[in-house]
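Participant: Curious how this folds, go ahead:
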Amino acid sequence: MKTMMTSAVSAARCVAVALTLATLGAGTAAAQNFAITNARIHTVSGPVIERGTIVVQNGRITAVGADVTVPAGVQTIDATGKTVTPGLLDSHTGLGTVEIGAAAGSNDMASGTDHITAAFNPLDNLNPFATPIAVTRNEGVTRAVVAPNAGASFVAGQGLLIDLADAGATLTVHRNPVAMYANLGENGAERTGGTRATNLLRLREVLQDAADYAANRGAFNAGNRREYALSRLDLEALGPVVRGELPLIVNVNRASDILAVLRFASEQKIRIILEGAAEGWMVAQEIARANVPVITNPLTNLPSFDALGITLENAARLHAAGVTVAFASFDTHNSRNLKQFAGNAVAYGMPFDAALRAITLTPARIFGIADRYGSIEPGKDADLVIWSGDPLELMTAVERVFIRGREIPDFDRQKMLLDRYRRVGQP
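Facilitator: Here you go, the predicted model:
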């Protein structure tokens with residue numbers, strides 16, 4: 001009888017927790033008016049403020065500084081001994097598109113047909129109820145670029161930039177598309193004839209076809225145009241890339257491939273962002289001169305034939321050469337480890353401020369949302385994280401998270417399971 005009663009109580013708790021999550025995730029709460037006081041504030045765009053105050057009203061930061069007066073009637077959060085940073089931004093994730101990576105039915109990261117690749121957009125299969133979302137935002141990641149799996153096809157599709165405030169009902173999309181993704185180097189060559197030269201030739205053909213289609217859409221629709229390499233939807237999706245309105249994010253690692261991509265971008269007059277860039281440090285001066293940003297995971301150091309020169313010092317060396325560097329997890333379930341990646345970059349020579357920028361303001365600038373996000377300044381969205389200590393230290397805990405001025409409930413599936421199993425056998 002006791003076992004049956006315990007099971008019933010546990011089941012009731014699980015139902016109550018699920019209902020709580022659904023309610024909290026519904027996104028109906030209004031932005032709060034509050035002030036965080038006595039905090040060590042990493043503004044990112046300026047110097048660190050010791051024992052500073054941040055005032056938030058209607059979802060925006062209205063004041064920040066050491067001598068800020070808190071308006072009457074505004075709730076105060078005493079952050080003595082705590083650190084505050086902007087919310088973190090993961091520059092490449094599968095959040096909302098993958099539940100279980102090995103289960104095909106819950107993995108929607110890439111198109112499996114060559115007929116639709118460039119036009120593929122994760123928004124159409126974005127799942128706001130995906131369990132990794134709450135886990136990720138409770139670790140301080142408040143915004144993310146959801147991107148297709150660049151290794152799945154030659155031109156993988158489009159990415160979009162979301163925030164994680166409304167998981168459980170909708171996800172707020174800030175830019176869609178935010179970029180187009182292409183796969184070059186060793187992986188790209190496998191999909192376009194086996195050599196890197198045919199890889200670039202194929203990309204050249206695709207971009208030329210997109211430009212021709214844009215200039216002769218009427219003739220194409222009337223059946224008076226030659227056959228193109230990609231589908232009509234793909235050519236339309238590539239239009240903003242050839243016009244220079246949308247960046248092409250190129251997944252590439254080998255130093256010689258990076259140089260070839262830089263030459264190609266200059267020739268085609270397109271905007272590119274390098275992703276991966278494992279051997280980027282070997283050609284850092286050339287990347288810097290081309291003013292091309294790099295998105296990388298500074299914790300990756302396993303060599304391959306495509307990245308024999310990989311090193312944990314890659315990010316630090318790129319930064320020292322003047323390259324704009326942002327960090328990404330390239331993951332779904334481990335996007336929450338973004339601060340750990342930045343901390344390791346510091347351990348291998350990258351300045352602390354640069355590493356923190358690489359997960360806040362730098363990607364905001366790369367993806368065009370720095371006017372609203374990425375630093376703690378008046379007028380910007382109140383994406384804020386209160387940490388127990390140094391935000392890049394492994395053992396530092398997230399204490400409170402705010403996205404656009406709304407506090408995010410400190411609850412997710414992992415905490416549900418912890419609560420469930422530590423009570424097993426208890427009345």
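Participant: Now do the same for Ala39: helix, strand or coil?
Facilitator: Secondary structure assignment for Ala39 (DSSP: H, G, I helix; E, B strand; the rest coil): strand.
Participant: can you pull the contacts of the residue nearest to it when sequence neighbours are not counted?
Facilitator: Setting aside the residues directly before and after it, Ala39 is nearest to Ala79 in space (CB to CB, 6 or more residues apart in numbering), at 3.6 Å. Any C-beta I mention is one placed from the backbone N, CA and C, and that applies to glycine too. By CB atoms under 8 Å, 6 or more residues apart in numbering, Ala79 lies in contact with Ile36, Thr37, Asn38, Ala39, Ile386.
Participant: closest to Pro303 among these?
Facilitator: Ile386 (39.2 Å; CB to CB).
Participant: what's the spacing between that closest one and Arg289?
Facilitator: 40 Å (CB to CB, to the nearest Å).
Participant: Just want to know which of the two has more residues nearby.
Facilitator: Ile386 (22 against 13; other CB atoms under 10 Å).
Participant: Make sure the more buried one is indeed in a strand.
Facilitator: Yes: assessed with three-state DSSP, Ile386 lies in a strand.
Participant: Surely it is in contact with Thr83?
Facilitator: Yes: look at Ile386 against Thr83 with CB atoms under 8 Å: they come within range, at 7.5 Å.
Participant: Spit out the residues that contact those two alike.
Facilitator: Ala39.
Participant: what's Ser45 in contact with, if anything?
Facilitator: Applying CB under 8 Å, 6+ apart, the residues contacting Ser45 are Leu361, Gly374, Ser375, Ile376, Glu377.
Participant: Would you state the helices of the stretch 301-427 of the chain in chain order?
Facilitator: Ranges of helices within the stretch 301-427 of the chain are 314-320, 338-347, 352-357, 361-366, 413-421, based on DSSP state H, counting those that start in this stretch.
Participant: Check the stretch 101-250 of the chain too.
Facilitator: Going by DSSP H, counting those that start in this stretch, the stretch 101-250 of the chain shows helices at 131-137, 185-190, 196-215, 217-221, 232-242.
Participant: Turn the helices of the stretch 301-427 of the chain into CSV, including mean neighbour count.
Facilitator: As requested, these are exported to CSV (neighbours: other CB atoms under 10 Å):
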stretch, mean neighbour count
helix 314-320, 24
helix 338-347, 23
helix 352-357, 21
helix 361-366, 24
helix 413-421, 14
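Participant: so what's Phe327 bridging to?
Facilitator: Going by DSSP bridges, Phe327 is paired in beta bridges with Thr296.
Participant: Next, work out how far apart it and Gln285 are.
Facilitator: Counting by CB to CB - Phe327 and Gln285 are separated by 21 Å.
Participant: Determine which member of those two has the greater number of neighbouring residues.
Facilitator: Phe327 (31 against 11).
Participant: Just the pLDDT for that one.
Facilitator: Reading off the confidence values, Phe327 has pLDDT 98.
Participant: ok now do it, which residues does it touch?
Facilitator: 90-91, 295-298, 315, 338, 341-342, 345, 355, 358-359, 363.
Participant: What separation is there between the residue nearest to Ala39 and Val44?
Facilitator: For Ala79 relative to Val44 (CB to CB), the value is 17 Å.
Participant: Likewise for Ser375?
Facilitator: Distance from Ser375 to Val44, counting by CB to CB: 4 Å.
Participant: Common neighbours of these two, please.
Facilitator: Pro86, Thr360, Leu361.
Participant: Just send those back as a markdown table, with pLDDT too.
Facilitator: Output for the shared contacts of Ser375 and Val44, formatted as a markdown table (pLDDT from 0 to 100):
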| residue | pLDDT |
| --- | --- |
| Pro86 | 98 |
| Thr360 | 98 |
| Leu361 | 98 |
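Participant: Which single one of those residues is nearest to Arg420?
Facilitator: Closest to Arg420, out of all of the shared contacts of Ser375 and Val44 and judged by CB to CB, is Pro86, at 33.6 Å.
Participant: Next, give phi and psi for that closest one.
Facilitator: phi -60, psi 160 (degrees, to the nearest 10).
Participant: list the contacts for it?
Facilitator: His42, Val44, Thr142, Thr360, Leu361, Tyr373, Gly374, Ser375, Ile376, Asp383, Leu384, Val385.
Participant: Let me see the contact set for the third one.
Facilitator: When you say that, I think you mean Thr142. Pro86, Gly87, Leu88, Leu89, Asp163, Leu164, Ala165, Asp383, Val385, Val401, Ile403.
Participant: With Thr80 instead?
Facilitator: Asn38, Ala39, Arg51.
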